[in-house]
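A.B. asks: Sequence plus predicted model, see below.
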Amino acid sequence: PVDQWTLGQRTIYIVPTRAGLAFGVTLLILLLGSINYQLNLGYALTFLLAGSALASMHMTHGSLRGLTLHLRPTAACHVGGAALLEVVATNAGAARHGLGFSVLPDHVQPTIAWTEIAARAQSVVTVSHEFSHRGHHALPALQVESRFPFGLFRAWSVWRPAGRVWVYPQPESPAPPL
């Protein structure tokens, strides 16, 4: 666990999405058709689309690279209530679009908080997490992801922030008389 996390070449992972796999299969079919029927314009279309997919992969990875994350102090919460984690994302480069923040591990469908960050600016993203029992808990791992620009690839990174949060017992409802 660390207080500040800078996303670099070794901390960002990238894989194709379902749409990216379907796009790759389509490119393969276009290439086979162009080879079979000796279509020069088919080759041009196939390699133009493949080049745009490679540029998309580079842009997807670049939308996370160089981003610096740190967490504001987390306020205490009650069992069953949401602990609000405020992530400050600092962008030292060009504008970044389509950044999603979520909490890991999440047994249900993760709730993703999407944001965009202007060039050389900061953005505060609030992510919530529920704790099931009281006590002094370590903060959960956070995931930042991007599918910008075409959604053909998904780039993500996992950050384990150093910090703890107090989770108090749930108050009685209705409260007993004094």
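C.D. replies: Here it is on my side, so go on. Numbers count the residues shown, from 1 in each chain.
A.B. asks: For my notes, confirm residue 34 occurs in a strand.
C.D. replies: No. Using DSSP: H, G, I helix; E, B strand; the rest coil, the secondary structure at residue 34 is helix, not a strand.
A.B. asks: Enumerate every residue touching the nearest residue to it once chain neighbours are set aside.
C.D. replies: Nearest non-adjacent residue to residue 34, counting by Cβ to Cβ, 6 or more residues apart in numbering: residue 42, 3.2 Å away. Yep, even glycine has a C-beta here, placed from its N, CA and C like the rest. With contact taken as Cβ atoms under 8 Å, 6 or more residues apart in numbering, residue 42 is in contact with 30, 33, 34.
A.B. asks: Would you state the helices of the protein in chain order?
C.D. replies: Secondary structure of the chain by DSSP state H: the helices cover 18-37, 40-62.
A.B. asks: just the CA coordinates of the longest one, formatted as CSV?
C.D. replies: What it means is helix 40-62. Extracted C-alpha coordinates of helix 40-62, given in CSV (Å, rounded to 0.1, in the frame of the first residue of the first chain):
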residue,chain,number,x,y,z
ASN,A,40,-6.2,-4.1,-53.8
LEU,A,41,-8.9,-1.8,-52.3
GLY,A,42,-9.7,-4.6,-49.8
TYR,A,43,-6.1,-4.6,-48.7
ALA,A,44,-6.1,-0.8,-48.3
LEU,A,45,-9.3,-1.0,-46.2
THR,A,46,-8.0,-3.8,-44.1
PHE,A,47,-4.7,-2.2,-43.3
LEU,A,48,-6.3,1.2,-42.8
LEU,A,49,-8.6,-0.3,-40.2
ALA,A,50,-5.8,-2.3,-38.6
GLY,A,51,-3.7,0.9,-38.3
SER,A,52,-6.6,2.7,-36.6
ALA,A,53,-7.0,-0.2,-34.2
LEU,A,54,-3.3,0.1,-33.3
ALA,A,55,-3.6,3.8,-32.9
SER,A,56,-6.6,3.2,-30.6
MET,A,57,-4.6,0.8,-28.5
HIS,A,58,-1.8,3.4,-28.1
MET,A,59,-4.3,6.1,-27.2
THR,A,60,-6.1,3.8,-24.7
HIS,A,61,-2.8,3.1,-22.9
GLY,A,62,-1.8,6.7,-23.1
